[in-house]
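1. Based on what follows, work out the 3D shape:
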Amino acid sequence: MSRIGRAPIAVPAGVEIKIEDNNVVTVKGPKGTLTQQLHPNMTITREGDEMHVTRPNDLKENRALHGLTRTLLNNMVVGVTEGYQKTLEVNGVGYRVAMEGNKLVMNLGYSHQVTMEAPEGITITTPNPNQIIIAGHDKQLVGQFAAEVREKRPPEPYKGKGIKYADEVIRRKVGKTGVKK
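-> Modelled structure (predicted):
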C-alpha cells in the first residue's frame, strides 16, 4: 500500500467538498474555490471530517495514481484554507523590482524593463526592491508563475546575480586563476 495514499485527508471546518461523478472534485474555503478532475480509477470518499482515497487493484498505474490523487486533494484543501506562498530574491547591482497596479516591473540588467502581469488568483507583493512574494490558493499556479519570474534572469554561478528562490542555494564557481607562464 502507498503510505501517502493511505493517509487520510483532514477537512477543517468551513471547507465544503463536493465530489461529482467522473471524480470532479470542488473544494470551497475561505481563500477561494478550486475544481479539479482526478483520475476515474481512484475512489474518493468522505467520512465526517476526513477524506480517503482508495485504489481498485495493485496494478502499477493505480499504485502510482493512489499517492498522486491523495496529494492533489490535500493541496486543494490546504490551498483554500491557508494558501501557498513563494519568495524570490533579486541579487545584482541595479537589479530591482516594483509593482505597478497588478504588473510586476523588473530591472534585470537588460536594456529594457521586464514586465509581467499577475494571473487570476495570484497576488504579488514587493516588500523591498530585492524581494518578490507570490501568493495564491492554487499550489500549481503559484509554483508555475514563480518559475516564470525566475526564468527572466536565472542566477549565474560566478557572482550569484539573478532571481533565485529564498531557500535556493546557488553553487558558486571560482573564476579564472590568471596563471602566467
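2. so how far is residue 18 from residue 51?
-> Residue 51 is 12 Å from residue 18, where distance means Cβ to Cβ, to the nearest Å. Every C-beta, even on glycine, is put in place using the N, C-alpha and C of the backbone.
3. quick one, what contacts the most centrally placed residue in the chain?
-> Centroid-nearest residue in the chain: residue 143, 2.8 Å away (criterion: Cα atoms, centre = their mean). Taking Cβ atoms under 8 Å, 6 or more residues apart in numbering as the criterion, residue 143 is in contact with 84, 86.
4. Give me the distance from the longest helix along the chain to the chain's centre.
-> In the chain, taking DSSP state H as the definition, the longest helix is helix 60-81. Centroid displacement of helix 60-81 relative to its chain, using Cα atoms, centre = their mean, to the nearest Å, is 15 Å.
5. Could you list every helix and strand that the helix or strand following that helix packs against?
-> Sequence-wise, the next helix or strand downstream of helix 60-81 (DSSP states H and E) is strand 84-91. Applying 3 or more Cβ pairs under 8 Å, 6 or more residues apart in numbering; DSSP states H and E, one finds that strand 84-91 contacts strand 131-136, helix 139-151, strand 162-165.
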